[in-house]
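K.L.:
Kindly generate the corresponding structure for this input.
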Amino acid sequence: MKGLLWQPGRLGPVELRNRTIRSATNEHLSQPDGQLTQVWAETLAELARNEVGLVITGHLCVDRTQRADEGQPVLDGQTDRALLAQAAEKVHRAGGRIAAQLSHSGKKAMEAVNGRPAKAPEDFSPEELDRLAEQFRLGVQLCREAGFDAVQIHTSHGYLLSNFLNPEENLRTDQYGGRLENRFRLVGRILQAAREACGPEMALLVKADCNGCGDLHRLLELYQEAGADGVELSGVDFAARAGEKSPFYLQEALRAMDGIQIPLSLVGGIFDLETAEAVLEQGFTFVSFSRALICQPDFIARMKRGEQTKSACLACNGCYQIYRRRPVRCVQHKDSIPQLEKVFGCSM
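P.N.:
Numbering: from 1, shown residues only. The predicted structure is shown next:
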């Protein structure tokens, strides 16, 4: 196939077979206690078998007391390392590369799941921030030992690190609050810990909000200065854009890209080959897909074979809640996923 989308690309030390990324998308497929499952690993492998260049896991919580939902996996000392390694091996066998997204739920943690309230930036003592940086470091170490190609630090979508970066949500008055450089301080510490744990063979990636920090260009500079190998751009209001089928944050990202040298990827509102190519032509190194791959895990392969150029996704956002009513991940799906029924108690 001709086109920019099918050309190899590079993120730091990691080469990808094409310019497609499966953006981190919560699979909701852990055990109720946050342990990984076989079906979780197989879901990632299926994407790689269908030509996705980089498969990023759904967010893995580094603190099991602050999970975002009943099906979110945890990445800590109790994680099944064999399953973590199995996911990496399956993706590699299919010719893909795999990254783990590491996250802390922050204000989005579910008290009903965790048995304790969610934590905002102002709720952390200095000692707890030290511990948090080490939790991220441990998560990266586990991924490195399991053979992952990259990690992505989740600093967007209203989770904890997004809370710290957002001037409306970060109410701290110490060195972690106030101007952007201070609000970035915790992120910078975590990126430093992650960089050390990655070693030279793993890529260090970030997912960032285009519209949650006040100065996107400066934020990208800070990520670049911190040693990130790539930034994926999304936004705090992505869930409010049901029905939109054009790139959500293209203009914000284009205005902020000048002088940024590290690879950038755009996610949100990209549902067809023509749009993906146009995004690459405007200077992005990669294109990320999420809902299109929930709807059709083989969408990238279908595009490459020339069978399909537009996603069947309705952009209805039904995937955000359907698994609580029926054991499926898309409103168009007919085949049930037993693990969803087990965790959320739904049935067909």
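K.L.:
Gly199 versus the closest residue to Asp209 other than its chain neighbours, what's the distance?
P.N.:
Once flanking residues are discounted, Asp209 sits nearest to Ser156: 4.3 Å by CB to CB, 6 or more residues apart in numbering. The way it works is simple: take the backbone N, C-alpha and C, and place the C-beta from them, glycine included. Note on Ser156: its distance to Gly199, by CB to CB, to the nearest Å, is 25 Å.
K.L.:
Give me the contacts around stretch 330-348.
P.N.:
Under the criterion CB atoms under 8 Å, 6 or more residues apart in numbering, residues 28-32, 37, 39-40, 70-71, 294-295, 312-314, 316, 318-319, 322-329 lie in contact with stretch 330-348.
K.L.:
Kindly list the longest helix within the chain.
P.N.:
Counting by DSSP state H, the longest helix found in the chain is helix 126-146.
K.L.:
Report all helices and strands that the helix or strand following that helix contacts.
P.N.:
Sequence-wise, the next helix or strand downstream of helix 126-146 (DSSP states H and E) is strand 150-155. In terms of contacts (3 or more CB pairs under 8 Å, 6 or more residues apart in numbering; DSSP states H and E), strand 150-155 is packed against strand 97-103, helix 126-146, helix 160-165, helix 185-198, strand 203-209.
K.L.:
Mind doing that once more with 6 Å?
P.N.:
Strand 150-155 sits against strand 97-103, strand 203-209, with contacts defined as 3 or more CB pairs under 6 Å, 6 or more residues apart in numbering; DSSP states H and E.
K.L.:
What strands line up against the last one, and which way round?
P.N.:
Pairing partners of strand 203-209, with direction, according to DSSP bridges: strand 150-155 (parallel), strand 230-234 (parallel).
K.L.:
now the first one
P.N.:
When pairs are called by DSSP bridges, strand 97-103 turns out to pair with strand 54-56 (parallel), strand 60-61 (parallel), strand 150-155 (parallel).
K.L.:
That one versus helix 185-198: what angle between them?
P.N.:
Calculated by axes from the mean of the first three to the mean of the last three CA atoms, to 10 degrees, strand 97-103 forms an angle of 140 degrees with helix 185-198.
K.L.:
Can I get strand 97-103 as PDB, trimmed to CA atoms?
P.N.:
The C-alpha coordinates for strand 97-103 follow below in PDB (Å, rounded to 0.1, in the frame of the first residue of the first chain):
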ATOM      1  CA  ARG A  97       5.100  -3.400  19.300                       C
ATOM      2  CA  ILE A  98       3.500  -3.000  22.700                       C
ATOM      3  CA  ALA A  99       3.400  -0.200  25.300                       C
ATOM      4  CA  ALA A 100       1.900  -0.100  28.700                       C
ATOM      5  CA  GLN A 101       0.000   2.900  29.800                       C
ATOM      6  CA  LEU A 102       0.600   3.700  33.500                       C
ATOM      7  CA  SER A 103      -1.900   5.800  35.400                       C
END
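K.L.:
Could you give the separation of it from the chain centroid?
P.N.:
Distance of strand 97-103 from the chain centroid (CA atoms, centre = their mean, to the nearest Å) equals 7 Å.
K.L.:
I'd like the mean pLDDT over stretch 87-95, please.
P.N.:
For stretch 87-95, mean pLDDT is 98.
K.L.:
what residues does that stretch touch?
P.N.:
Residues from elsewhere that reach stretch 87-95 (CB atoms under 6 Å, 6 or more residues apart in numbering): Ala41, Leu44, Ala45, Ala48, Arg49, Val55, Ile98, Ala146, Gly147, Phe148.
K.L.:
For the last one, which residues are in contact?
P.N.:
Contacts were defined as CB under 6 Å, 6+ apart; by that measure Phe148 touches Ala88, Ile98, Ala100.
K.L.:
gap between the two ends of stretch 264-282?
P.N.:
11 Å (CA to CA, to the nearest Å).
K.L.:
Give me the buried positions along that stretch.
P.N.:
264-273, 275-280 (16 or more other CB atoms under 10 Å).
K.L.:
try stretch 128-148
P.N.:
129, 132-133, 135-144, 146-148.
K.L.:
Which ones among the buried residues of stretch 264-282 map onto strands?
P.N.:
Mapping these onto strands (DSSP state E) picks out Leu264, Ser265, Leu266.
K.L.:
and the residues you listed as a markdown table, adding pLDDT and distance to Ala228?
P.N.:
Below are those laid out as a markdown table (pLDDT from 0 to 100; distance: CB to CB, whole Å):
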| residue | pLDDT | distance to Ala228 |
| --- | --- | --- |
| Leu264 | 98 | 10 |
| Ser265 | 98 | 12 |
| Leu266 | 98 | 16 |
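K.L.:
Including distance to Glu341, could those go into a markdown table?
P.N.:
Output for those, formatted as a markdown table (distance: CB to CB, whole Å):
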| residue | distance to Glu341 |
| --- | --- |
| Leu264 | 39 |
| Ser265 | 34 |
| Leu266 | 35 |
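K.L.:
circling back to that earlier point, looking at Ser156 and Gly199, which is more packed in?
P.N.:
Set side by side, Ser156 and Gly199 show more neighbours around Ser156, with 27 against 11, by other CB atoms under 10 Å.
K.L.:
I'd like to know how far that one sits from Ile300.
P.N.:
Counting by CB to CB, the gap from Ser156 to Ile300 is 23 Å.
K.L.:
And for Val343?
P.N.:
Following CB to CB, the distance that separates Val343 from Ile300 is 28 Å.
K.L.:
Could you do Lys310 as well?
P.N.:
Separation of Lys310 from Ile300 (CB to CB) stands at 13 Å.
K.L.:
between those two, which one's more packed in?
P.N.:
Counted by other CB under 10 Å, Lys310 and Ile300 do not tie: Ile300 has more neighbours, with 27 against 15.
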